[in-house]
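**Q** got a predicted structure plus its sequence, pasted below:
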Amino acid sequence: MGEDGGTISLGTNVIIDEANLTIAEHDGKITIGDRCLFAWGIDIRCGDGHPNFDMNSGKVINKEYNIIIEDKVWIALGVQILKNITNETGIVVGAKLLVTKDCPKKDCCRQPCENYTKK
């Protein structure tokens, strides 16, 4: 899409079994790199799905933020990825993980919400 809506960009050779990619506001963006593999039951959200307003200013305080999934990322079943996340090249995101922070390059993100680097 573009100016009036969010954008979802898929790289080449991306395999998605089942995933919900949600952009609730106008300027959200989900970018998925090349050669990524997604299992089923995956939920990726750029925002909260509803605005929250500052009582004094009336401004939205829970803005939508972009999600970037770089090349060669494997996302296992039941994973939820929330706004303002970058999953770097070559990582594996373990089953049923709630991702609320960036996952560094060549790491394995697993329960209970920790990063594990193979030595």
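**A** Perfect, thanks for sending it.
**Q** which strand residues bridge residue 21?
**A** Counting by DSSP bridges, residue 21 is bridged to residue 44.
**Q** residues in contact with it?
**A** Counting by Cβ atoms under 8 Å, 6 or more residues apart in numbering, residue 21 touches 8, 30, 44. C-beta coordinates here come from the backbone N, C-alpha and C atoms, glycine included.
**Q** what about the first one, distance to residue 63?
**A** As judged by Cβ to Cβ, to the nearest Å, residue 8 and residue 63 stand 18 Å apart.
**Q** cool, and the last one?
**A** As judged by Cβ to Cβ, residue 44 and residue 63 stand 17 Å apart.
**Q** more crowded one of those two?
**A** residue 44 (23 against 16; other Cβ atoms under 10 Å).
**Q** so that one makes contact with residue 23?
**A** No - using Cβ atoms under 8 Å as the test, residue 44 is too far from residue 23 to be in contact (9.4 Å).
**Q** what sits in contact with each of these two?
**A** residue 30.
**Q** pLDDT-wise, which helix or strand of this protein ranks last?
**A** strand 114-116 (a mean of 48; mean pLDDT, DSSP states H and E).
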